[in-house]
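Participant: Provided below for reference: sequence and predicted model.
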Amino acid sequence: MRDQFIGHIAKQALVPVKTIRYYEERGLLLKPERTVSGYRLYRPEMVDRLQFIKKAKALGLQLDEIKEILELADRGRCPCGHVQHTLKTRLGELRQKIRDLQTLEARIQGAIRRNCPSNFTPKGRAICPTIQGPNRAKERR
């Protein structure tokens, strides 16, 4: 199969042309050859590389991490050990984020349960007991 223009590669990989240019700029894609008139020409394998990047992003990997994986593969080294380590790290971060979100959820539920007394009027340091807690509301009285 012969080299293809950026628009054709973008359609096959289901990514915008702008994304291909950005990935090229970030070093995830090799600089393509160009026609005499300056159009980019990509090898058909570029579709596989773009799909790999999309799948890696869907697993939560950052572009810098994906670039490291691609560089290992480009040097002929198996990146799977590195990928496993990176994914385990990402999983730990994700689990911590879930715990943090659960803590935040509990705080929000508590604030909603506190509600504002129907006769509350902001005064002094007491602005809203839903956020400040019941102590500030008592200061108002």
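Facilitator: Yes, it's here.
Participant: residue closest to the middle of this structure?
Facilitator: G60 (5.9 Å; CA atoms, centre = their mean).
Participant: ok, the residue lying closest to that one once chain neighbours are set aside to L28 distance?
Facilitator: Of all residues not flanking G60 in the chain, R90 sits nearest, at 5.2 Å (CB to CB, 6 or more residues apart in numbering). To be clear about C-beta, it is placed using only N, CA and C from the backbone, and glycine gets the same treatment. Counting by CB to CB, to the nearest Å, the separation of R90 from L28 is 18 Å.
Participant: the two - which one has more neighbours?
Facilitator: L28 (21 against 15; other CB atoms under 10 Å).
Participant: let me see the contact set for the closest residue to the more buried one other than its chain neighbours.
Facilitator: Residue nearest to L28 in three dimensions, not counting chain neighbours: K67, with 5.3 Å by CB to CB, 6+ apart. The contact partners of K67, by CB atoms under 8 Å, 6 or more residues apart in numbering, come to 26-28.
Participant: ok, so of those residues, who is nearest D3?
Facilitator: L28 (18.7 Å; CB to CB).
Participant: got the contact list for that closest one?
Facilitator: Counted by CB under 8 Å, 6+ apart, L28 has contacts 49, 53, 63, 66-67, 70.
Participant: and for I69, the neighbour number?
Facilitator: Neighbours of I69 using other CB under 10 Å come to 19.
Participant: check the gap between it and P79 for me.
Facilitator: 5 Å.
Participant: one more: A106?
Facilitator: 40 Å.
Participant: these two: which is more packed in?
Facilitator: Applying other CB under 10 Å to A106 and P79 shows that P79 carries more neighbours, namely 16 against 10.
Participant: L61 is in contact with that one, correct?
Facilitator: No. Judged on CB atoms under 8 Å, P79 makes no contact with L61 at a distance of 11.6 Å.
Participant: what residues are shared contacts of these two?
Facilitator: Contacts common to P79 and L61, judged by CB under 8 Å, 6+ apart, are I69.
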